[in-house]
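In: Sequence first, predicted coordinates after that:
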Amino acid sequence: METKVFTERIERARKVMERKELDLCILTNRSSIRYFSGLRMNTAAFSILLISQDDIKYLVARLDLLRAERDCWINDIISFPEDTPDYLNILNDHFKQWKNPRVGVELPELNYETYRYFQEKLSNGHFINIAAELKYLRTIKSDEEIKIIRESANIADKAMREALKVAKAGIKEYEVTAVARYTLLKKVQKILHLSLFLPQGKTAGCLKDIHLKRY
């Protein structure tokens, strides 16, 4: 998506900060980070996004730095070594600009150890939970996002229909899944912003012939 989409999201977040009288936001929730940065990290990767009224800093593990610099629109990307527990040490001078900062965090996403670490780094800080506000912001979709969502639904619909054609007695589940996956891959390879999610097993539910209404 265009950089403008992400800068508009940042501005909406800053309006939340104004209402809450926040000096800084420290985000660790992967969904929020992806929403603002546009960068999809795997579940094993850890990154932090810092938003203030004046700048944006994105902290990533050293192994993820090249990818972040290549794929992310944010200019100020900083790496930290994977083997250090004091990963915010590189921002000590940055934090000194606030004497008694009000810091927005997504409390449900922080474990006790991480929360205590943030409190140590910003010892005079007052931490405010903004999880609900950011969750709401993530529901706001641009025209481009709506187009992608519809495109994704059409592709998923096509894959399910192809899978239904081969689903019959005696056919293994993995064989049906293979047909759906092949159909998805044929379509998704031309649309790099889409990723596959294809559940299997008892939790996957049953195949149903659902016709998606087009708007």
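Out: Yep, it's here. Numbers count the residues shown, from 1 in each chain.
In: what distance separates the strand or helix carrying residue 128 from the centre of its chain?
Out: Using DSSP states H and E, residue 128 maps to strand 126-129. When C-alpha coordinates are averaged (C-alpha atoms, centre = their mean, to the nearest Å), strand 126-129 and its chain have centres 21 Å apart.
In: Residues contacting that strand, please?
Out: 20, 22, 100-108, 115, 118-119 (C-beta atoms under 8 Å, 6 or more residues apart in numbering). The way it works is simple: take the backbone N, C-alpha and C, and place the C-beta from them, glycine included.
In: list the buried ones in the lowest-mean-pLDDT helix or strand in the chain?
Out: Of all helical and strand segments in the chain, the minimum by mean pLDDT, DSSP states H and E falls on helix 173-188, at a mean of 85. Buried positions in helix 173-188, judged by neighbour count with 16 or more other C-beta atoms under 10 Å: 176, 177, 179, 180, 181, 183, 184, 187, 188.
In: Check which helices and strands that helix sits against.
Out: With contacts defined as 3 or more C-beta pairs under 8 Å, 6 or more residues apart in numbering; DSSP states H and E, helix 173-188 has these neighbours: helix 143-166.
In: Would you indicate which residues of the helix it packs on are buried?
Out: Quick answer for helix 143-166 (16+ other C-beta under 10 Å): 148, 152, 155, 156, 158, 159, 160, 162, 163, 164.
In: ok and it relative to helix 173-188, angle-wise?
Out: Computed with axes from the mean of the first three to the mean of the last three C-alpha atoms, to 10 degrees, the direction of helix 143-166 lies at 140 degrees from that of helix 173-188.
In: got the CA coordinates for helix 143-166 in PDB?
Out: Extracted as PDB, the C-alpha positions of helix 143-166 are listed here (Å, rounded to 0.1, in the frame of the first residue of the first chain):
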ATOM      1  CA  ASP A 143     -10.400   2.200   0.000                       C
ATOM      2  CA  GLU A 144      -7.300   0.200  -1.000                       C
ATOM      3  CA  GLU A 145      -7.700  -2.100   2.000                       C
ATOM      4  CA  ILE A 146     -11.400  -2.700   1.100                       C
ATOM      5  CA  LYS A 147     -10.300  -3.600  -2.400                       C
ATOM      6  CA  ILE A 148      -7.700  -6.100  -1.000                       C
ATOM      7  CA  ILE A 149     -10.300  -7.700   1.300                       C
ATOM      8  CA  ARG A 150     -12.700  -8.200  -1.500                       C
ATOM      9  CA  GLU A 151     -10.000  -9.600  -3.700                       C
ATOM     10  CA  SER A 152      -9.000 -12.000  -0.900                       C
ATOM     11  CA  ALA A 153     -12.600 -13.100  -0.500                       C
ATOM     12  CA  ASN A 154     -12.900 -13.800  -4.200                       C
ATOM     13  CA  ILE A 155      -9.800 -15.900  -4.200                       C
ATOM     14  CA  ALA A 156     -10.900 -17.900  -1.100                       C
ATOM     15  CA  ASP A 157     -14.300 -18.400  -2.700                       C
ATOM     16  CA  LYS A 158     -12.600 -19.800  -5.800                       C
ATOM     17  CA  ALA A 159     -10.400 -22.200  -3.800                       C
ATOM     18  CA  MET A 160     -13.400 -23.500  -1.800                       C
ATOM     19  CA  ARG A 161     -15.400 -24.200  -5.000                       C
ATOM     20  CA  GLU A 162     -12.500 -26.100  -6.500                       C
ATOM     21  CA  ALA A 163     -12.100 -28.100  -3.300                       C
ATOM     22  CA  LEU A 164     -15.800 -28.900  -3.300                       C
ATOM     23  CA  LYS A 165     -15.500 -30.400  -6.800                       C
ATOM     24  CA  VAL A 166     -13.100 -33.200  -5.500                       C
END
